[in-house]
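Enquirer: the sequence and its predicted three-dimensional model are supplied below.
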Amino acid sequence: MNDTPLWLLFSVLALLLTISAFFSGSETGMMSINRYRLKHLAKKHRGARRVNRLLRRPDRLIGVILIGNNLANNFAAIVAAAIAVKLYGQGAEIAAGVVLTIVMLIVAEVTPKTIAALHPERIAFPASYLLKPLLKLLYPAVWLVNHASNGILRLFGINPENVQSDALSKDELRTVVDESSDAGATEHQGMLINILDLEKVTVNDIMVPRNEIVGLNLEEDIETLVDQIVATEYTRLPIFEGDINSVTGFLHMRRVNRLLRRGESALTKEAIKRFAREPYFVPESTPLHLQLVNFQKNKRRIALVVDEYGEILGLVTLEDILEEIVGKFTTNYAEDEQDIVAHPDRSYTIDASINIRDINKAIHWHLPTDGPKTLNGLLLEKLEHIPEGNVCLEFAGYRFETLALSDKMIDSVLARRLPRAPVAPDKD
């Protein structure tokens, strides 16, 4: 290279540094690109489809990038040494190597890789136009390098064929939803997270308890049953004889209307039985996501929850599960009084029959939910007896003072959160 003009050597060196920067930025851009966004863009963007195809074999892609990068760097070192000798004579090669290393780190490594990490799509998509033909052109060298590399990996007990799946776990998907960049989609995020949490909740957690089930007792006289049907705000009512465990079916109010069109005398107990649909039972431990599928599969909207002995524990509806996802969207006219009443001193008067999960969601507390489902059940478990008079107790960072008692349960309490008590995350 002694006869080569300096301007040409500098031009070649600049070209080699540019090539090195291209391969460095391409590597970072390809490896940093969001795979899920890439799959979405691949539906309508040709560059995204090319990148997606290249990333199916990352070993080949990395192989062609590193071959190109190393060739450019090695030739750049040779040209830099030639420039140094031409300018300063023999012995200047070491100084040229130091200067080239600094220049290469800045120009061909850090800068392009930083740009590619910040804007992977802007780098990866255009780069794919050159990387794809280069992969075909250099395939023999890439094949040789990959086989040699895979052989070394196997010596260390690593199987290069075991590629980690891109599939997200539920916790990872929850994090993706939480980190969504759409500032206006808070409610949608909450619904998506609630869907992911359905498998953590069972029908036992959201059911209407047995003592609150409203139904038609066929041992009552027909006039009482008619009054109850006319006054009800529910669409379906369970039919039973004497006790809810002797349930015979569910009566849809739409079918009652057909009977009433024939005259009130047509509404008899036999007609109610005949028009009722057979009961549908589900185990208490059924997760909500599975029960939602079962409702759809069986074309049902209401079910009775039973324990392992077949005793009826409560009632669950499709609307109850949907409300776990979207929040309350219906009004129960039978619930005129509030179950939780807030006071200025940050205490609450709470109906003790309310579900603990409803308390946690309503006022962002963190009462334990792995035992009794109602506040009454939780307090009685801690007291280990039914109190004869009003009592006060503290546990889990909360203070409860009973306000009203009955022979079998605690009716209402005054509750407050103590300092440093755990606070439930706000899903809203």
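Expert: Everything's here; your move.
Enquirer: so for the longest helix along the chain, what gets flagged as buried?
Expert: Longest helix in the chain by number of residues (criterion: DSSP state H): helix 58-88. Residues of helix 58-88 classed as buried: 60-65, 67-69, 71-73, 75-77, 79-86 (neighbour count, 16 or more other Cβ atoms under 10 Å). C-beta coordinates here come from the backbone N, C-alpha and C atoms, glycine included.
Enquirer: I'd like the next helix or strand past that helix.
Expert: The element immediately downstream of helix 58-88 (helix or strand, assigned by DSSP states H and E) is helix 93-103.
Enquirer: list the contacts of the next helix or strand after that following helix.
Expert: Following helix 93-103 in sequence order, the next helix or strand is helix 111-118 (DSSP H and E). With Cβ atoms under 8 Å, 6 or more residues apart in numbering as the test, helix 111-118 has contacts from 21-22, 24-29, 32, 123-124.
Enquirer: isn't residue 232 up against residue 214?
Expert: Yes. Contact status for residue 232 versus residue 214: in contact at 6.9 Å, counting by Cβ atoms under 8 Å.
Enquirer: break this protein into its domains for me.
Expert: 6-155, 201-326, 340-417 (automatic domain parsing).
Enquirer: could you count how many residues lie near residue 385?
Expert: Number of residues near residue 385 (other Cβ atoms under 10 Å) recorded here: 7.
Enquirer: what secondary structure does it sit in?
Expert: At residue 385 the chain is in coil, as set by DSSP: H, G, I helix; E, B strand; the rest coil.
Enquirer: and it, how far from residue 208?
Expert: Applying Cβ to Cβ, to the nearest Å, the value for residue 385 to residue 208 is 27 Å.
Enquirer: so how far is residue 170 from residue 199?
Expert: For residue 199, the distance to residue 170 - Cβ to Cβ - is 8 Å.
Enquirer: please apply the same query to residue 98.
Expert: For residue 98 relative to residue 170 (Cβ to Cβ), the value is 52 Å.
Enquirer: does residue 222 touch residue 259 like I think?
Expert: No. Under the criterion of Cβ under 8 Å, residue 222 makes no contact with residue 259, lying 11.7 Å away.
Enquirer: okay, the two: which has more neighbours?
Expert: More crowded of residue 222 and residue 259, by other Cβ under 10 Å: residue 259, with 18 against 15.
Enquirer: wait, the more buried one touches residue 271, no?
Expert: Yes. Assessed by Cβ under 8 Å, residue 259 is found in contact with residue 271 at 5.6 Å.
Enquirer: wait, what's in contact with residue 24?
Expert: Counted by Cβ under 8 Å, 6+ apart, residue 24 has contacts 69, 108-109, 112-113, 116.
Enquirer: and what of residue 126?
Expert: Per Cβ under 8 Å, 6+ apart, neighbours of residue 126: residue 47.
Enquirer: check what pLDDT it gets.
Expert: If you check residue 126, the pLDDT there is 91.
Enquirer: check residue 424 too.
Expert: 51.
Enquirer: skip the chain neighbours and tell me the closest residue to residue 63.
Expert: Spatial nearest neighbour of residue 63, excluding adjacent residues (Cβ to Cβ, 6 or more residues apart in numbering): residue 142 at 4.1 Å.
Enquirer: what strand or helix carries the one you found?
Expert: Here residue 142 is assigned to helix 139-155, by DSSP H and E.
Enquirer: gap between the residue lying farthest from the centre of the chain and residue 235?
Expert: Most distant from the centre of the chain: residue 3, at 67.1 Å, with distances by Cα atoms, centre = their mean. Per Cβ to Cβ, residue 3 is found 96 Å from residue 235.
Enquirer: what's the burial count for residue 5?
Expert: 9.
Enquirer: sorry, slip of the keys, the one I care about is residue 302.
Expert: Using other Cβ under 10 Å, residue 302 is surrounded by 21 other residues.
Enquirer: so it touches residue 280, yeah?
Expert: Yes. The pair residue 302 and residue 280 qualifies as a contact (Cβ under 8 Å) at a distance of 7.1 Å.
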